[in-house]
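Visitor: The following block contains a protein sequence and its predicted model.
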Amino acid sequence: MKRRVLLVDDEMSILLVLKTVLEINGFDVDTATSAFEGKRRIKQYEYEMVITDMRMENDAAGVEVIAYARTAPYKPAVALLTAFPIAEDDWQGMGADEMLVKPMQTQILLAQIEALLVTHQDKKQSAAALKRPVKKAAKKAAKKPAVKKSTKKAPAKKASKKPVKKAARKSPPKKKPSARKTVKKSAAKKKSGR
């Protein structure tokens, strides 16, 4: 099965050369000469890869194609094709997976495209594998009946019928008056005349 690629470039000579090289090497290639046409094709067909020039009808045309390709449900690999290389952070920030610099040797171009397709496919499979357990867990949760919380109050504990034994109160032992107190009381009685 041939892998389908979309080439978007407003320079016909580059577009035709790249199309021929890719078709000779087993790719099914569609072309577009503007961002508008490229976005229309991305919407109509599914591609494994979208390769777009940076500057076409305006300086941001390539960025528009990349952004549109990123919203496609089939998630194609996206490469930025440019004669004016930019920093890696810049093209990655635009959403591209790879930057291809033109003109380039055919073998280098093919090696970069093959490597990108393999890497992109691995990422898609990893993402799909991560989603599977989540989906399975969601299905299992949907199948299990929901646990209903009881609105009834728990019955109060009944009082025991056994009589509660009260501790017997003992009055504190009476203290015997000390000898000193006894002497004082006796002296006080004698003075008062009793």
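Guide: Right, received. Where do you want to start?
Visitor: going forward, measure contacts and count neighbours with C-alpha atoms only.
Guide: OK.
Visitor: Name the residues of stretch 27-46 that are buried.
Guide: For stretch 27-46, a neighbour-count test (16 or more other CA atoms under 10 Å) marks 27-35, 38-39, 41-42, 46 as buried.
Visitor: And for stretch 67-81?
Guide: 68-70, 75-81.
Visitor: What mean pLDDT does that stretch get?
Guide: The average of the pLDDT scores along stretch 67-81 is 94.
Visitor: Pass me the low-pLDDT residue ranges in this structure, would you?
Guide: The model of the chain has pLDDT under 70 over residues 1, 132-194.
Visitor: again, 90 this time
Guide: Low-confidence segments of the chain (pLDDT under 90): 1-2, 14, 54-55, 59-60, 81-95, 98-194.
Visitor: that older thread, can you redo the buried residues of stretch 67-81 as TSV with secondary structure and distance to residue 105?
Guide: Conversion of the buried residues of stretch 67-81 to TSV gives the following (DSSP: H, G, I helix; E, B strand; the rest coil; distance: CA to CA, whole Å):
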residue	secondary structure	distance to residue 105
68	helix	28
69	helix	26
70	helix	28
75	coil	28
76	coil	24
77	strand	21
78	strand	20
79	strand	16
80	strand	16
81	strand	14
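Visitor: quick check, nearest of these to residue 15?
Guide: residue 81 (10.8 Å; CA to CA).
Visitor: how close does the closest residue to residue 21 other than its chain neighbours get to residue 17?
Guide: Spatial nearest neighbour of residue 21, excluding adjacent residues (CA to CA, 6 or more residues apart in numbering): residue 106 at 7.2 Å. Distance check for residue 106 against residue 17: by CA to CA, to the nearest Å, it reads 10 Å.
Visitor: Over to residue 95?
Guide: In terms of CA to CA, residue 95 sits 25 Å off from residue 17.
Visitor: Settle it for me: which of the two has more neighbours?
Guide: Here residue 95 and residue 17 are compared on neighbour count by other CA atoms under 10 Å; more neighbours surround residue 95, at 18 against 12.
Visitor: doesn't residue 66 make contact with that one?
Guide: Yes - applying CA atoms under 8 Å, one finds residue 95 in contact with residue 66, separated by 6.3 Å.
Visitor: Please identify every residue contacting each of the two.
Guide: Applying CA atoms under 8 Å, 6 or more residues apart in numbering, one finds that residue 95 and residue 66 are jointly contacted by residue 78.
Visitor: that older thread, any chance of the buried residues of stretch 67-81 in JSON lines, plus distance to residue 100?
Guide: Output for the buried residues of stretch 67-81, formatted as JSON lines (distance: CA to CA, whole Å):
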{"residue": "68", "distance to residue 100": "19"}
{"residue": "69", "distance to residue 100": "17"}
{"residue": "70", "distance to residue 100": "18"}
{"residue": "75", "distance to residue 100": "19"}
{"residue": "76", "distance to residue 100": "16"}
{"residue": "77", "distance to residue 100": "13"}
{"residue": "78", "distance to residue 100": "10"}
{"residue": "79", "distance to residue 100": "7"}
{"residue": "80", "distance to residue 100": "6"}
{"residue": "81", "distance to residue 100": "5"}
